[in-house]
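Visitor: how would this look folded up:
(one chain, ligands or ions: 1)
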Amino acid sequence: MSSDAWTAERKYEEPRAHAVRERYLGLFSGPELPVPVEAIAGDLLGLRIEEFRDIDCSGMLLPKVRRIVLNAHERATGRDDPPLRRFRFTVAHEIGHWVCHCLSGRAPKLEPSYCRAVDLTDAADRTLEREANVFAAELLMPEPAVRPSSWVSSGVTKRHERPCRRAR
Ligand SMILES: [Zn+2]
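Guide: Below you'll find the predicted structure:
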């Protein structure tokens with residue numbers, strides 16, 4: 001498949017996700033897969049990851065304290081089983097908020113992101129959540145490593161798992 005076809009096949013493109021991953025690998029090296037998403041958050045971006053049981057969403061980004069909070073209940077209920085690895089996706093999603101919205105100045109007040117995408121009503125919020133999902137999918141799936149044509153034709157590239165469902 002040509003690179004043009006690959007691009008056309010993909011609905012979204014988020015170069016910042018690839019830039020972040022490549023910057024991490026350039027600084028810290030190590031294997032490309034699985035993408036070391038927790039180390040990218042912690043070592044590269046200085047975001048601390050914590051888990052709590054009593055939160056009503058999959059994940060939160062607390063920009064002012066540079067913290068990602070994950071819903072420990074989802075791990076306990078098996079939603080973190082492979083191959084979904086919801087926690088990894090949620091971490092990548094919150095990194096997306098940090099890179100695309102906080103560092104870029106699009107979230108100038110650095111308000112927390114409470115990530116549960118299914119019932120958002122504000123159009124701007126939906127846009128931000130969608131961007132964070134795209135960022136996460138592309139961060140976790142480096143293009144050269146996951147590019148076989150059979151994978152593309154299976155439609156996997158079109159489905160981005162949403163991390164933001166309610167915990168219950
Ligand atoms: Zn979100």
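Visitor: residues near the residue in the chain positioned nearest to the ion, how many?
Guide: Closest contact between the chain and the ion, by CB to the ion, is at Cys115 (3.1 Å). From N, CA and C alone the C-beta is placed, and that goes for glycine too. When neighbours are counted by other CB atoms under 10 Å, Cys115 registers 27.
Visitor: Give me the phi and psi angles of it.
Guide: phi -100, psi 100 (degrees, to the nearest 10).
Visitor: tell me the pLDDT at it?
Guide: Cys115 carries a pLDDT score of 87 in this model.
Visitor: How about Pro148?
Guide: 52.
Visitor: Likewise for Gly78?
Guide: 63.
Visitor: Only alpha carbons, please: show the helix ranked longest in the chain as CSV.
Guide: In terms of residue count, the longest helix belonging to the chain (DSSP state H) is helix 123-140. What follows is helix 123-140, C-alpha atoms only, in CSV (Å, rounded to 0.1, in the frame of the first residue of the first chain):
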residue,chain,number,x,y,z
ALA,A,123,-19.4,20.7,21.5
ALA,A,124,-16.0,22.1,22.4
ASP,A,125,-15.5,19.4,25.0
ARG,A,126,-16.4,16.7,22.5
THR,A,127,-13.8,18.1,20.1
LEU,A,128,-11.2,18.0,22.9
GLU,A,129,-12.1,14.4,23.8
ARG,A,130,-12.0,13.3,20.2
GLU,A,131,-8.6,14.9,19.8
ALA,A,132,-7.3,13.2,22.9
ASN,A,133,-8.6,9.8,21.6
VAL,A,134,-6.9,10.3,18.3
PHE,A,135,-3.7,11.3,20.0
ALA,A,136,-3.9,8.2,22.2
ALA,A,137,-4.6,5.8,19.4
GLU,A,138,-1.7,7.1,17.4
LEU,A,139,0.7,7.3,20.3
LEU,A,140,0.0,3.6,21.1
